[in-house]
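Visitor: take a look and give me a structure for this.
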Amino acid sequence: MANPLSSRGFIIGRMPYGNTSLIVRCLSQQAGRLTLMAKGAARSKNQFAGVLDLFYLADFLYQPSRTGEMHTLREVKLIEAHLGLRRSYANLLAAQYFAALIETVTEAGTPIPGEYELFGKALAYLCQVDITWRAVERFELRVLTLAGIGRVDEDLPQAFRALHHTVPTLRVDLVKLLAEAAG
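Guide: The predicted structure is shown next:
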């Protein structure tokens, strides 16, 4: 059995698995996108209680899978909760969209230092400032540039169609919410 690995990352998704476990998706600098099984995490007296929420930055100790992409979470240490995101639904939706966008253009298990740093800066920004359409466009262009497909004269939907990707559906909701707020 391989030795456990550690990585610092942002929790970008979580969903229940069975009655007591969670599947947690993370974005880490060293290991890229990770999928971790947190066994028993839904129990109230579990070691993971209260530390596996969306957009938390944490240090993860996990047992790598012998086959497949789902690893077993052993320990987690919370670094930053990014609670400022919860002050605005628009900011929370923007953070979800940014995470979905990065997931769309990256591969699991591949180091993504640029995307990790960009996402960390975006979360810090969203904790302090209300999201604007200009900030969304800048983030999109930066992600596309890191992926090697961004050009100043091309918007995100055009670039994604060229790659046969689909734009995350959260973009439509975010555009609508920002338009309502502006008008």
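Visitor: in stretch 83-90, what counts as buried?
Guide: Buried residues in stretch 83-90, counted by 16 or more other Cβ atoms under 10 Å: L85, S88, A90. Quick note: C-beta positions are derived from backbone N, CA and C, even for glycine.
Visitor: so which of those are in helices?
Guide: For these, the ones inside helices are A90, with DSSP state H as the criterion.
Visitor: of all the buried residues of stretch 83-90, which comes closest to Y116?
Guide: L85 (17.4 Å; Cβ to Cβ).
Visitor: neighbouring contacts of the helix or strand of the chain with the lowest mean pLDDT?
Guide: Least confident element among the helices and strands of the chain, by mean pLDDT, DSSP states H and E: helix 156-162 (a mean of 72). Contacts with helix 156-162, where a contact means Cβ atoms under 8 Å, 6 or more residues apart in numbering, come from T104, E140, L141, L144, I149, G150, R151, T166, V167, R171.
Visitor: the second one - that's part of a strand, no?
Guide: No. Residue assignment for E140, taken from DSSP: H, G, I helix; E, B strand; the rest coil, gives helix, which places it outside any strand.
Visitor: and it, what's its pLDDT?
Guide: You'll see E140 listed with a pLDDT of 89.
Visitor: doesn't L101 make contact with it?
Guide: Yes. E140 is within contact range of L101, at 6.8 Å (criterion: Cβ atoms under 8 Å).
Visitor: ok, the two, which is more surrounded?
Guide: L101 (24 against 21; other Cβ atoms under 10 Å).
Visitor: quick one on the thing from earlier: of the buried residues of stretch 83-90, which is the nearest to Q47?
Guide: Once Cβ to Cβ is applied, the member of the buried residues of stretch 83-90 that ends up nearest Q47 is L85, at 24.4 Å.
Visitor: OK, contacts around the closest one?
Guide: So L85 contacts F55, N91, L92, A95, L123, L126, C127 (Cβ under 8 Å, 6+ apart).
Visitor: I'm done for today, thanks for sticking with me.
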